[in-house]
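Colleague: generate a structure from the sequence data that follows.
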Amino acid sequence: METLTSRGRASRLVATALGAGLLLAGTVVGLDDHFPFGPFRMYSTSPPPDAPAPDTRVEGVDRSGTVIALGQEATGIRRAEIEGQQSRYAADPDRLRQVAEAYAERHPDAPELVEVRIVIRWYGIRQGRPTGTWIDETAVRWEATR
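Modeller: Numbering: from 1, shown residues only. This is a model prediction of the structure:
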């Protein structure tokens, strides 16, 4: 076994100190995007025990008024992609047209969608337990021009 030189030992100490400094700085002021040097808040926080729990979904409406679930199977678009871009959809609801187009591409014989909406179902929670109640909120809506 070879012994570590003074220069090798110093470089390892500098690398260790730099890594520890990044971890400490990330813990204090970091964001999820800085992971692994910042916190991954998804697993480090929890909502208050009486806060409602959101469940986001995308649904479409065809000309007959039938509501169609627009999940990944129907459109090829993952729910996480929709949730992650929800603020962009809210700022420009016309972006939901892409969801309608993805559905039409996968279901060419299905009736055309005239509306696509992002709906959040807020499940009631009391003392950390579901109450069995919920409220649906339409967060974003796109309607086809007629």
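Colleague: what's the mean pLDDT across the longest helix along the chain?
Modeller: For the chain, the helix that runs over the most residues, judged by DSSP state H, is helix 6-29. On average, the pLDDT along helix 6-29 is 91.
Colleague: how far does the very next helix or strand once past it sit from the chain's center?
Modeller: Heading C-terminal from helix 6-29, the first helix or strand you meet, by DSSP states H and E, is strand 53-62. Centre-to-centre, strand 53-62 and its host chain are 13 Å apart (CA atoms, centre = their mean, to the nearest Å).
Colleague: before we move on, the earlier item: who are the packing partners of the longest helix of the chain?
Modeller: Using 3 or more CB pairs under 8 Å, 6 or more residues apart in numbering; DSSP states H and E, no helix or strand is in contact with helix 6-29. From N, CA and C alone the C-beta is placed, and that goes for glycine too.
Colleague: send over that helix as CSV, restricted to the C-alpha atoms.
Modeller: Extracted in CSV, the C-alpha atoms of helix 6-29 (Å, rounded to 0.1, in the frame of the first residue of the first chain):
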residue,chain,number,x,y,z
SER,A,6,1.0,15.8,1.4
ARG,A,7,-0.3,17.3,-1.8
GLY,A,8,-2.8,14.4,-2.2
ARG,A,9,-3.9,14.8,1.4
ALA,A,10,-4.4,18.5,0.9
SER,A,11,-6.4,18.1,-2.3
ARG,A,12,-8.7,15.6,-0.6
LEU,A,13,-9.2,18.0,2.3
VAL,A,14,-10.0,20.8,0.0
ALA,A,15,-12.5,18.7,-2.0
THR,A,16,-14.1,17.5,1.2
ALA,A,17,-14.4,21.1,2.6
LEU,A,18,-15.8,22.3,-0.7
GLY,A,19,-18.4,19.5,-0.8
ALA,A,20,-19.3,20.2,2.9
GLY,A,21,-19.5,23.9,2.1
LEU,A,22,-21.9,23.3,-0.8
LEU,A,23,-24.1,21.1,1.3
LEU,A,24,-24.3,23.6,4.1
ALA,A,25,-25.0,26.5,1.7
GLY,A,26,-27.6,24.4,-0.2
THR,A,27,-29.3,23.5,3.1
VAL,A,28,-29.5,27.2,4.2
VAL,A,29,-30.4,29.0,0.9
